[in-house]
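1. The sequence and its predicted three-dimensional model are supplied below.
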Amino acid sequence: MRLWVKLFLFFSAYLPLFYILAIKNWYNRILFGVCILLTVLSAITWYGLLWQSKRYTASQREVVYFEDKLKESLTYLIPYIVSFLNFNLDRWQDWASLVLLMLVIFLVYANSELIFVNPILSGFRYKIYYTELRDPIIQSRTTCILITKRKKKLKVNDLIGIRNLADEVYVEVLEREEVQENEA
């Protein structure tokens, strides 16, 4: 997966942390503004990335194997404790410490599957699966991350429509009726 995609997933996953920092720095207008700007940029980028994926033609794949990645959410929550520590973001030392901590967390997450644990996606009812998919026509297999809004549980041998979002990351294309059912 490309570095920019990993960076985007990382920052969008910490969007709630930016909200917490904005609230904690309510009276510091500059810090408050920076935190709000980061949240807005993350949300717009997610929307843009999902919208852009709709430009690609959907292809059919059969599910060979899948693993639900939402079970790793508790591991992801540990860095949120940072926002409740006594950081004084008026001091450059605390900013440097926070940036260094986020860099270390990014390096760990970017080189593991934790990068796909994202509360923003969960909030919009997306599920994340590590999957192995098979092309039914040419019989080739690929392992990838599947982002889906399906209500029903994913099953082995399901035939699904997918669109490429990034290297080894796909979004499931749902039927019109299933999308309306999910939104109800």
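-> It's in.
2. quick one: low-confidence ranges for the chain?
-> 1, 53, 55-57, 69-87, 89, 113-117, 175-184 (pLDDT under 70).
3. Which parts of it are strands?
-> Here the chain has its strands, by DSSP state E, at 59-68, 127-134, 141-148, 159-166, 169-173.
4. okay, the ones you listed, which one's buried deepest?
-> strand 169-173 (a mean of 22; mean count of other C-beta atoms under 10 Å). Bear in mind the C-beta positions are built from the backbone N, C-alpha and C, glycine included.
5. Can I get it in PDB? Just the C-alpha atoms.
-> What follows is strand 169-173, C-alpha atoms only, in PDB (Å, rounded to 0.1, in the frame of the first residue of the first chain):
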ATOM      1  CA  VAL A 169      -7.700  -2.200  -0.600                       C
ATOM      2  CA  TYR A 170     -11.100  -2.700  -2.100                       C
ATOM      3  CA  VAL A 171     -14.600  -1.300  -1.400                       C
ATOM      4  CA  GLU A 172     -17.500  -3.700  -1.900                       C
ATOM      5  CA  VAL A 173     -20.200  -2.500  -4.300                       C
END
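6. What strands flank that strand, and is each parallel or antiparallel?
-> According to DSSP bridges, strand 169-173 forms sheet pairs with strand 141-148 (parallel), strand 159-166 (antiparallel).
7. residues in contact with the first one?
-> Outside strand 141-148, the residues that touch it by C-beta atoms under 8 Å, 6 or more residues apart in numbering are 64, 66, 69, 113, 116, 121, 126-135, 154, 160, 162, 165, 168-172, 174.
8. same thing but 7 Å
-> 64, 116, 121, 126-134, 165, 168-172 (C-beta atoms under 7 Å, 6 or more residues apart in numbering).
9. just the last one next, same as before
-> Applying C-beta under 7 Å, 6+ apart, the external contacts of strand 159-166 come out as 1-2, 5, 49, 53-54, 56, 58-63, 147, 170-173.
10. centre of the chain versus that strand, how much separation?
-> Here the centre of mass of C-alpha atoms in strand 159-166, compared against the chain's by C-alpha atoms, centre = their mean, to the nearest Å, lies 16 Å away.
11. And the first one, by the same measure?
-> For strand 141-148, the distance between its averaged C-alpha position and the chain's averaged C-alpha position is 14 Å (C-alpha atoms, centre = their mean).
12. now that strand against strand 59-68, angle please.
-> Interaxial angle of strand 141-148 relative to strand 59-68 (axes from the mean of the first three to the mean of the last three C-alpha atoms, to 10 degrees): 80 degrees.
13. Point out the other helices and strands that the top helix by length along the chain packs with.
-> Scanning the chain for the longest helix, with DSSP state H as the assignment, gives helix 29-53. Here helix 29-53 touches helix 3-13, helix 15-24, strand 159-166, going by 3 or more C-beta pairs under 7 Å, 6 or more residues apart in numbering; DSSP states H and E.
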